[in-house]
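# My questions concern the predicted model and sequence given below.
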Amino acid sequence: MAKLNAEKDTVTAQHYRVSGYPTIMVLQPDGAEIDRIVGYYHAPEFMGLVMDYLGGRRTLAAVQDSEKTMGEDPAFVFRLAERYYEHGLTDEAKTRYLKLAALDPGNKTGLVDDGLMELAFMSRKAKNYAEDRKYAQTVLEKYPDSDQMKSAFLEVGVTYKKQNEPAKAQKIFLDYVKRFPDDGDAPWAKAQADTMAAWMARKGHA
């Protein structure tokens, strides 16, 4: 077993397309990847995944093989998209998230909004803030009652902030505070609005 700091050993991290932490790689002796575990798991579940991977079960390759027969099942498509995303295969993940949205336009599975927010975060990481906002706004417009609605609301504000549009960002953050004053993220949104106000004040004195 070897432990690496991916923030320092960026070459190895890029080689294995590691973007989430912690990431546990299950490798063959020659360094070829069998599969990976992203995030925190309780010990029994973690060991179960490792044993399954070593036995060729529940790996990305095994899930890919099932796409031939299950590729029209929204829950399966979401799971496959998640696996691709974990492996840093963003193009493949994006294709499946979009397919999920097409398969389940009414979000009966409750997964489409999750997939759209994953697409938003992927776009933000790629610094494509217009696309990021497009996906977040789709959640707001199509699925206003979903459990991702508040995250999408804030994400729109973040995209304007990233694009150096403080007035638009401030409006979004203040709207959030007004609509959800008791929400746990309201203080953060208020702080963001204050930051945008200070930013605009500095620009006005420039």
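Structure's in. What do you need? Because the structure is predicted, anything quoted here is derived from the model rather than measured. Numbers count the residues shown, from 1 in each chain.
# use CA for all of it now, contacts and neighbours both
Will do.
# Centre-most residue in this structure?
Closest to where the C-alpha atoms of the chain average out (CA atoms, centre = their mean) is Glu118, at 3.4 Å.
# lowest average confidence, helix or strand, in the chain?
Scoring the helices and strands of the chain by mean pLDDT, DSSP states H and E places helix 10-15 at the bottom, with a mean of 65.
# Assumed Val77 was part of a strand.
No. Val77 sits outside any strand when classified using DSSP: H, G, I helix; E, B strand; the rest coil, being helix.
# would you list every one of the helices in the chain?
Applying DSSP state H to the chain gives helices spanning 10-15, 43-54, 60-70, 74-86, 90-103, 112-125, 129-142, 149-162, 166-179, 186-205.
# Could you list the domains of this structure?
1-58, 60-139 (automatic domain parsing).
# Adding distance to Val156 as columns, could you present these in TSV?
Listed next are the domains of the chain as TSV, based on distance: least, CA to CA, whole Å:
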stretch	distance to Val156
domain 1-58	23
domain 60-139	5
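# Could you tell me the least trusted of those domains?
When those are ranked by mean pLDDT, domain 1-58 comes last with a mean of 76.
# picking that back up, packed most tightly, which of the domains of the chain would that be?
When the domains of the chain are scored by mean count of other CA atoms under 10 Å, the highest mean neighbour count falls to domain 60-139 (a mean of 19).
# Straight-line length of that domain, end to end?
Domain 60-139 has an end-to-end distance of 28 Å (CA to CA, to the nearest Å).
# closest to Met25 out of the helices of the chain?
When these are compared for distance to Met25 using CA to CA, the nearest one is helix 43-54, at 9.5 Å.
# Can you dump the C-alpha atoms of stretch 38-58 in PDB for me?
Taking Å, rounded to 0.1, in the frame of the first residue of the first chain, the C-alpha atoms of stretch 38-58 are listed here in PDB:
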ATOM      1  CA  VAL A  38     -13.900   8.100  -4.000                       C
ATOM      2  CA  GLY A  39     -15.000   9.600  -0.700                       C
ATOM      3  CA  TYR A  40     -15.400   8.200   2.800                       C
ATOM      4  CA  TYR A  41     -17.000   4.800   3.600                       C
ATOM      5  CA  HIS A  42     -17.500   2.800   6.800                       C
ATOM      6  CA  ALA A  43     -14.900   0.000   7.100                       C
ATOM      7  CA  PRO A  44     -17.300  -2.900   6.300                       C
ATOM      8  CA  GLU A  45     -18.600  -1.200   3.100                       C
ATOM      9  CA  PHE A  46     -15.100  -0.100   2.100                       C
ATOM     10  CA  MET A  47     -13.700  -3.600   2.500                       C
ATOM     11  CA  GLY A  48     -16.700  -5.000   0.600                       C
ATOM     12  CA  LEU A  49     -16.000  -2.700  -2.300                       C
ATOM     13  CA  VAL A  50     -12.300  -3.700  -2.400                       C
ATOM     14  CA  MET A  51     -13.100  -7.400  -2.300                       C
ATOM     15  CA  ASP A  52     -15.700  -7.000  -5.100                       C
ATOM     16  CA  TYR A  53     -13.200  -5.000  -7.200                       C
ATOM     17  CA  LEU A  54     -10.600  -7.700  -6.700                       C
ATOM     18  CA  GLY A  55     -13.100 -10.300  -7.800                       C
ATOM     19  CA  GLY A  56     -14.100  -8.300 -10.900                       C
ATOM     20  CA  ARG A  57     -17.500  -7.300  -9.500                       C
ATOM     21  CA  ARG A  58     -19.000  -3.800  -9.400                       C
END
